[in-house]
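**Student:** Okay, sequence plus prediction incoming.
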Amino acid sequence: MVDYSVDRNLAILGINNPPVNALSFHVREGLFNGIKQANADRRVEAIVITGKGKTYCSGADIREFSIPSAGKGLVTLGHRIEDSDKPVISAIHGNALGGGLEIALFSHYRVANKNAKIGFPEVLIGLLPGAEGTIRLPRVTGLAFAMDAIASGRRFDAQEAHKHGILDTICDGDVLQEAKAFSKKIIGQPLDQRRLSKTHVKDAADVDIKFEEALAQIKRKYRGLIAPILCLKSVRNSAKMSFDEAAAEEMRLFGELLTSSQSIGLRYSFFAERSAPKWKLPCGACADNTTPVDVKTTGVIGAGTMGSGIAVCLIRAGIPVILVEKNQKMLDQAIKTISRILTGSVKLNRMTEKQREHSLKLLKGASTLDELAGVDMVIEAVYENLELKREIFHQLDKICKSSTLLCSNTSTLDIDNIASATQRPDKVVGTHFFAPAYIMRLLENVYGTKTSPTTVATVMELGKRIGKICVLVKTCYAFVANRTNQPFGAEASFMVEEGALPQDVDTVLENFGMPMGPFKVSDLSGIDVGWRIRQEVAKALGLKLTLETRYRMGERITTLADRLYEMGRYGIKTGKGWYRYEPTNPRKPIPDPDVAKMIQKHCMDMGIERRNIPAQEVIERCLFSAINESFRVLEQRIAEKPEDIDVIWQYGFSFPRYGGGPMFYASQVGLKKVFEKICIFHEQFPYSSHWVPSDLLRKLASHSTEIPMDKWTQFISSSKL
Ligand SMILES: CC/C=C\CC(=O)SCCNC(=O)CCNC(=O)[C@H](O)C(C)(C)COP(=O)(O)OP(=O)(O)OC[C@H]1O[C@@H](n2cnc3c(N)ncnc32)[C@H](O)[C@@H]1OP(=O)(O)O
């Protein structure tokens, strides 16, 4: 794990733990022994710590945080490095992150390649740099930089690190050669002033002012998160306490964070996000054994909000798009909107003016599908109507070259049904983007019974190219995202009918960690949008909709949203929805007594007795109903693994990352308790089929011990329980 070699008067310790050179137990052991060996080796005058392969060191092995600690800790290793009688130079290329940067700060000197990335990302997994990083960095950079870098977790480049004194020198080429040359200048120099534990924080005088400023900022930016606050406190300690006292306190704070539910959730999310692109099909094809097709040109059909947003994603990634819209006025408007979105990106420094111009050159408007004959991939984004989509796919099948992949941005409709309108069902796939498509990171890719592995690999790869987090799911009504979210929204509305007000439900769920409650989201996305979908569904089913009903086809429903629609309250766009909005601040939701009156009248008319709904009930009914549906989705293999569902909730519905997602939340509450509560709700609300307990959940909950998440799917076909 650490290669030891001697090159003339230098000992080279090469960390060799691919893919990211994490500081696992064996790496720590290897470095410790290497320093000891080099100090005992009479030929050696200086020691270089470097990384083998693509990177120096990306920090502690995060998986080891969840198992009992073994062997030498990072601090023990660090002290061995700092106390070395022979100078230690860290030679950095790739990443020096977290514990990796700490190893560099224990070293006496640091040289780096100009492309290296440096940082303390611990806060992103709910921790602080717990091997004296919060005590050492301020001694090098001063307090302001250290507070910002540690509490934000941002990665910065070698130039910035050099400017703030973290690096002694930067080079263009091979960093090991640079370290060798550098060693000649420092061998024989006194080491004490290079030992950071012997130095002081230079700008300690105004630490309290800097702390208060930084605290106010992070409380605004990272609402509800503990780690950024403790990061700041620990940096403050570096300036107010002796080195040893501050280090001891850092260790205590680190221990507190390590066992916090937020860090456990964030660490889970780190790996869940990385597991999502590792897709697998029932036939055995998977990401590792399937090669995607190279997509060079694309077409997008429909220049509405979704189509325009998808076109932005593609051209921004350098992929040419033909945007097809038969309504010329809409097409012109969409091209203006796309240009405006890209101008916004330039203003936010997300792209240069030159990149914006280049992207716009990749966009071409067209009025007929014929223009798509030669493209590699088409994404259809017309409104949600099965017959319309089938007709478009039927035409595309005749127009496009035989290798063209045909994708639908449907959010609910059966991919098999759409594919059956073509002679190439193997090349038909769902690509469900989330609005606004150019901002939301989730791409829910949906395979049908006949979708080929190559088609799946191609859409997963394309998603990655355009910067999306891709999750693959199997076709069914509403797929995973909307299907598991539907009961969450339904329960929120039912509780408003039973006694809560929209603002009560929103506040509880926002306090839980959702950035916006469901009623604020509904106002943002438009109450008319939901209304139109309900009308479409009713038309398809031949139903006559009325406001004076509580049940439809044996299912409990509520017509509160339809009543708002009838009142012309479409949400933010009309200044009124579940909330009201002032023209001076059109995005700020204000609770509206008129809505409360409408709800009360609705309840009176329908004979519904209102009651107080406790906060705990709001959380349980919204989340447990979504969890129950998620277990069904898992049971039916619509989602391959629980992590996929959680990633969908994080990136599609902004579920707090530290909460993991509904499946992780269920694992934390305990499946027995979740199941029991679902059974109680099922008895209480027999007309909501989302409360019929999932068989998989029942099996898992009946087990005598809690089954870990990675074993849940093994119980799907098991009859043992
Ligand atoms: C006393 C405590 C002291 C110190 C605390 C710490 O050091 S905490 C750890 C701090 N470091 C980090 O948080 C870095 C996390 N990693 C990353 O940000 C990225 O992985 C990285 C290094 C920028 C590389 O990104 P890239 O996109 O190239 O690869 P990817 O993220 O897909 O990772 C590749 C595989 O490596 C696994 N992995 C990455 N980092 C770690 C880690 N620190 N510990 C364990 N495993 C790690 C990652 O899961 C991938 O594995 P896979 O099997 O493919 O899922």
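**Tutor:** Ah, there it is.
**Student:** neighbouring contacts of stretch 383-397?
**Tutor:** The list of residues contacting stretch 383-397 from outside it, by CB atoms under 8 Å, 6 or more residues apart in numbering, reads 301-302, 304, 369, 372, 378, 380, 382, 404, 406, 408, 410-414, 417-424, 428, 533, 536, 540. Backbone N, C-alpha and C define where each C-beta goes, glycine included.
**Student:** do the same with stretch 585-599
**Tutor:** 496-497, 501-503, 520, 523, 560, 563-564, 567, 569, 572, 575-576, 578-582.
**Student:** Measure how far that stretch is from the centre of its chain, please.
**Tutor:** 32 Å (CA atoms, centre = their mean, to the nearest Å).
**Student:** what's around residue 714, how many residues?
**Tutor:** The burial count assigned to residue 714 is 10, neighbours taken as other CB atoms under 10 Å.
**Student:** re the thing from before, if any of the contacts of stretch 585-599 are buried, put those into a ChimeraX selection.
**Tutor:** Below is the selection syntax for ChimeraX that covers the buried ones among those, with 16 or more other CB atoms under 10 Å defining burial:
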select :496,497,501,502,503,520,523,560,563,564,569,572,576,578,579,580,581
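**Student:** So which residues on the chain come close to the ligand?
**Tutor:** Proximity of the chain to the ligand, by CB under 6 Å from any ligand atom, involves residues 19-20, 22, 58-63, 74, 95, 97-99, 121-122, 125, 127, 129-131, 271, 274.
**Student:** Can you list phi and psi of residue 324 for me?
**Tutor:** Taking degrees, to the nearest 10, you get phi -100, psi 120 for the backbone angles of residue 324.
**Student:** ok, and for the lowest-mean-pLDDT helix or strand in the chain, which residues are buried?
**Tutor:** Least confident helix or strand, the chain: helix 527-541 with a mean of 86, by mean pLDDT, DSSP states H and E. Going by neighbour count (16+ other CB under 10 Å), the buried part of helix 527-541 is 527-531, 534.
**Student:** Are any of the residues of the chain next to the ligand buried, and if so which?
**Tutor:** When the residues of the chain next to the ligand are checked for burial by 16+ other CB under 10 Å, the buried set is 20, 22, 58-62, 74, 95, 97-99, 121-122, 125, 127, 129-131.
**Student:** out of those, which are inside helices?
**Tutor:** Among these, the residues falling in helices (DSSP state H) are 74, 99.
**Student:** Cross-reference the buried ones among the residues of the chain next to the ligand with the strands and report the matches.
**Tutor:** Using DSSP state E, the members of these that fall in strands are 95, 97.
**Student:** one step back: for the least confident helix or strand of the chain, packing partners?
**Tutor:** Under the contact definition 3 or more CB pairs under 8 Å, 6 or more residues apart in numbering; DSSP states H and E, helix 527-541 sits against helix 560-566.
**Student:** Show me the contact partners of the helix it packs on.
**Tutor:** Counting contacts by CB under 8 Å, 6+ apart, the residues touching helix 560-566 from outside are 493, 496-497, 522, 527-528, 530-531, 534, 545, 547, 577-578, 595, 598-599, 602.
**Student:** Dump the C-alpha coordinates for the very next helix or strand once past it into PDB.
**Tutor:** Proceeding N to C from helix 560-566, the next assigned helix or strand is strand 579-582, under DSSP states H and E. Listed next in PDB are the C-alpha coordinates belonging to strand 579-582 (Å, rounded to 0.1, in the frame of the first residue of the first chain):
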ATOM      1  CA  TYR A 579     -50.300  31.200  -0.800                       C
ATOM      2  CA  ARG A 580     -50.600  34.800  -2.000                       C
ATOM      3  CA  TYR A 581     -47.600  36.800  -3.500                       C
ATOM      4  CA  GLU A 582     -47.000  40.600  -3.500                       C
END
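**Student:** contacting residues around strand 579-582?
**Tutor:** Applying CB under 8 Å, 6+ apart, the contact partners of strand 579-582 are 502-503, 519-520, 523, 572, 575, 587-592, 594-595.
**Student:** and the next element down the chain from that strand?
**Tutor:** strand 585-591.
**Student:** Could you please name the strands that next one pairs with and the direction of each pair?
**Tutor:** Sheet pairing here is set by DSSP bridges, and for strand 585-591 it gives strand 579-582 (antiparallel).
**Student:** in stretch 411-430, what's buried?
**Tutor:** Using 16+ other CB under 10 Å as the burial criterion, the residues of stretch 411-430 that qualify are 411-416, 418-422, 424-430.
**Student:** Can you get me the start-to-end distance on that stretch?
**Tutor:** Across its full length, stretch 411-430 reaches 8 Å between end residues, using CA to CA, to the nearest Å.
**Student:** how far is that stretch from where the chain is centred?
**Tutor:** Using CA atoms, centre = their mean, we find the averaged C-alpha position of stretch 411-430 to lie 28 Å away from the chain's own average C-alpha position.
**Student:** Break this protein into its domains for me.
**Tutor:** Following the assignment in automatic domain parsing, the chain carries domains at 2-259, 298-479, 516-604.
**Student:** Show me which residues of the strand or helix carrying residue 341 are buried.
**Tutor:** Assignment of secondary structure by DSSP H and E places residue 341 within helix 328-347. Residues of helix 328-347 classed as buried under the neighbour-count rule (16+ other CB under 10 Å) are 331, 334-335, 337-338, 341-342, 345.
**Student:** what does stretch 485-493 give?
**Tutor:** Burial within stretch 485-493, assessed by neighbour count using 16+ other CB under 10 Å, is assigned to 485-493.
**Student:** now what about that stretch, what contacts it?
**Tutor:** With contact meaning CB under 8 Å, 6+ apart, stretch 485-493 is reached by 478, 505, 509, 517-519, 522, 558, 560-561, 618, 621-623, 625-626, 628-629, 649, 652-653, 688, 690.
**Student:** From the residues you listed, which land in strands?
**Tutor:** Here DSSP E is the test, and the contacts of stretch 485-493 give no hits in strands at all.
**Student:** Just the ones of those in helices?
**Tutor:** In helices, judged by DSSP H, the following of these are found: 505, 509, 518-519, 522, 560-561, 618, 621-623, 625-626, 628-629, 649, 652-653.
**Student:** contacting residues for residue 120?
**Tutor:** Applying CB under 8 Å, 6+ apart, one finds that residue 120 lies in contact with 97-98, 101, 129, 133, 137, 149-150, 153.
**Student:** repeat for residue 671
**Tutor:** Neighbour list for residue 671: 697, 700-701, 706-707 [criterion: CB under 8 Å, 6+ apart].
**Student:** so how many other residues sit close to residue 665?
**Tutor:** Taking other CB under 10 Å as the criterion, the count of residues near residue 665 is 22.
**Student:** can I get the buried residues of stretch 485-493 in a markdown table with pLDDT, distance to residue 361 and secondary structure?
**Tutor:** Compiled in a markdown table, the buried residues of stretch 485-493 are given as follows (pLDDT from 0 to 100; distance: CB to CB, whole Å; DSSP: H, G, I helix; E, B strand; the rest coil):
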| residue | pLDDT | distance to residue 361 | secondary structure |
| --- | --- | --- | --- |
| 485 | 97 | 38 | helix |
| 486 | 96 | 41 | helix |
| 487 | 98 | 45 | helix |
| 488 | 98 | 42 | helix |
| 489 | 97 | 41 | helix |
| 490 | 97 | 46 | helix |
| 491 | 98 | 48 | helix |
| 492 | 98 | 45 | helix |
| 493 | 98 | 46 | helix |
